[in-house]
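J.: build me a model:
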Amino acid sequence: MQNKGIVITTAVLLTLVSLFYLSFPIATSYYDSQAAKRPDAVAQQDYKDSVKYLGIYSYQKCLETQIGLGLDLKGGMNVILEISVPDVVENLADHKTDIAFTRSMDEARKELQATQGDFITLFINAYHKNAPGHKLAEVFATTELQGKVSPTSTDSEVEKVIRSEVSAAIDNSFNVVRTRIDQFGVVQPNIQKVQGAEGRISVEMPGIREPERMRKLLQGSANLEFWETYNSEEIAP
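T.: The predicted model follows:
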């Protein structure tokens, strides 16, 4: 009998806890419907900022506490963003007016569209064909890559640096996307790099009610610039 009492008590407690957390989606849905009756977006947001569920939880806290619902149940946006690997590679290079380089970039871009292969490999193969006897270091031994690529670097060394720089650019873009989504106030977004598709980021955002605004936010360019820095002894030894 004592064990039966413990089981019943535990079941009741679990039920109460479940009901408590299930009440948050109901509360946010109610507040959303009431906010929608306001005349404009400012009034709607003011209403949401003013409400307190159970006299304690703000609207934003309700969103954060509620049990996550997938896109199928809650609606929202599912988008794929793509970082242009060819553009990253081109920005790393010098001699952009070199005929062999520009021809290799053009050929690699066309091949990429046809095969969806690895752009860096496609470009390097095209460059070896269009500039026989020349090394990648002639194009990528730039000020920006100083200390990473030198005129004596082998093609394999240069390729390793290019891949590292492209990977860093993708990571930076991933962080920019996450920051923008967080600033928008999206609750429980799912942001992942697409496996097997370099430069692509999958973004799932449940509950988005302003898709056009979010689309513009995500599509806005992030102007990232890299500046060469020096130690004081390098300037005035």
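J.: so residue 205: helix, strand or coil?
T.: strand (DSSP: H, G, I helix; E, B strand; the rest coil).
J.: correct me, but it touches residue 178?
T.: No. Judged on C-beta atoms under 8 Å, residue 205 makes no contact with residue 178 at a distance of 11.5 Å. (Glycine included, C-beta is placed from N, CA and C.)
J.: joint contacts of these two?
T.: residue 189 (C-beta atoms under 8 Å, 6 or more residues apart in numbering).
J.: okay, these two: which has more neighbours?
T.: Taking neighbours as other C-beta atoms under 10 Å, residue 205 and residue 178 compare with residue 205 leading, 23 against 14.
J.: separation between the more buried one and residue 32?
T.: In this view, residue 205 and residue 32 are 16 Å apart by C-beta to C-beta, to the nearest Å.
J.: mind giving me the domain split of this structure?
T.: 2-67, 80-219 (automatic domain parsing).
J.: mean pLDDT lowest where, among those?
T.: Ranked on mean pLDDT, the bottom entry among these is domain 2-67, at a mean of 70.
J.: next, the contact list for residue 148, please.
T.: residue 161.
J.: just give the nearest non-adjacent residue to the residue nearest the centre of the chain, would you?
T.: Nearest residue to the geometric centre of the chain (C-alpha atoms, centre = their mean): residue 174, 3.0 Å. Distances taken as C-beta to C-beta, 6 or more residues apart in numbering place residue 201 nearest to residue 174, at 5.9 Å, with adjacent residues excluded.
J.: what of residue 159?
T.: Spatial nearest neighbour of residue 159, excluding adjacent residues (C-beta to C-beta, 6+ apart): residue 124 at 6.2 Å.
J.: repeat that for residue 158.
T.: Nearest in space to residue 158, with sequence neighbours left out and distances taken as C-beta to C-beta, 6+ apart, is residue 136 at 4.0 Å.
J.: burial measure for that neighbour, as a count.
T.: Neighbourhood size, residue 136 [other C-beta under 10 Å]: 24.
J.: what's it in contact with, if anything?
T.: Contacts of residue 136 by C-beta under 8 Å, 6+ apart are 124, 127, 153, 155, 158-159.
J.: how about these in JSON lines, adding neighbour count?
T.: Conversion of those to JSON lines gives the following (neighbours: other C-beta atoms under 10 Å):
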{"residue": "124", "neighbour count": "20"}
{"residue": "127", "neighbour count": "24"}
{"residue": "153", "neighbour count": "20"}
{"residue": "155", "neighbour count": "15"}
{"residue": "158", "neighbour count": "23"}
{"residue": "159", "neighbour count": "17"}
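J.: include distance to residue 113 and secondary structure when you put these into TSV, please.
T.: What follows is the contacts of residue 136, written out as TSV (distance: C-beta to C-beta, whole Å; DSSP: H, G, I helix; E, B strand; the rest coil):
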residue	distance to residue 113	secondary structure
124	18	helix
127	18	helix
153	30	coil
155	25	helix
158	25	helix
159	22	helix
